[in-house]
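Participant: Attaching a predicted model along with its sequence, questions to come.
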Amino acid sequence: MSENPNPIELQKHLGGLDYPVSKEDVVRRAEESGADGTVLEALRGLPERTFEKPTDVTEAVFGG
């Protein structure tokens, strides 16, 4: 199992998103902001769904 990204680092790369967003939107934004491999791997593993707010993304990555 891969390492989880730092939650603060994760949210840093999602700044500027206009929620609700799709998984594709989340991954694209992280790529554009220069997220490292750990963050990108975690986001690419998200389920295909709509995220209504930033905490939805965090909960999907870390469980909750």
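Facilitator: In hand now; what should we look at?
Participant: Just the element for the residue most central in space within the chain, please.
Facilitator: With distances taken as C-alpha atoms, centre = their mean, the chain has Leu43 as the residue nearest its mean C-alpha position (4.5 Å). If you go by DSSP states H and E, Leu43 is part of helix 37-44.
Participant: Show me what that helix is packed against.
Facilitator: In terms of contacts (3 or more C-beta pairs under 8 Å, 6 or more residues apart in numbering; DSSP states H and E), helix 37-44 is packed against helix 7-12, helix 23-32, helix 54-62. Placement of C-beta: from N, CA and C, glycine included.
Participant: just for the protein, where's the confidence low?
Facilitator: 1-2, 64 (pLDDT under 70).
Participant: how much space between Leu46 and Ala30?
Facilitator: Counting by C-beta to C-beta, to the nearest Å, the separation of Leu46 from Ala30 is 11 Å.
Participant: Show me which of the two is the more surrounded one.
Facilitator: Legend: neighbour count by other C-beta atoms under 10 Å for Leu46 and Ala30, higher for Ala30 (23 against 17).
Participant: rewinding a little: so for the helix holding Leu43, what gets flagged as buried?
Facilitator: Residues Val39, Ala42, Leu43 are the ones in helix 37-44 that count as buried (16 or more other C-beta atoms under 10 Å).
Participant: repeat for stretch 27-36
Facilitator: Val27, Arg29, Ala30, Ala35.
Participant: The second one reaches Gln11, doesn't it?
Facilitator: No. Checked against C-beta atoms under 8 Å, the pair Arg29 and Gln11 is beyond contact range at 11.2 Å.
Participant: quick one on the thing from earlier: ok, and what's touching the helix holding Leu43?
Facilitator: If you take C-beta atoms under 8 Å, 6 or more residues apart in numbering as the criterion, helix 37-44 is touched by 2-5, 9-10, 13, 23, 26-27, 30-31, 35, 57, 61.
Participant: Tell me the one among those nearest to Thr50.
Facilitator: Nearest to Thr50 out of these is Lys23 (C-beta to C-beta; 8.5 Å).
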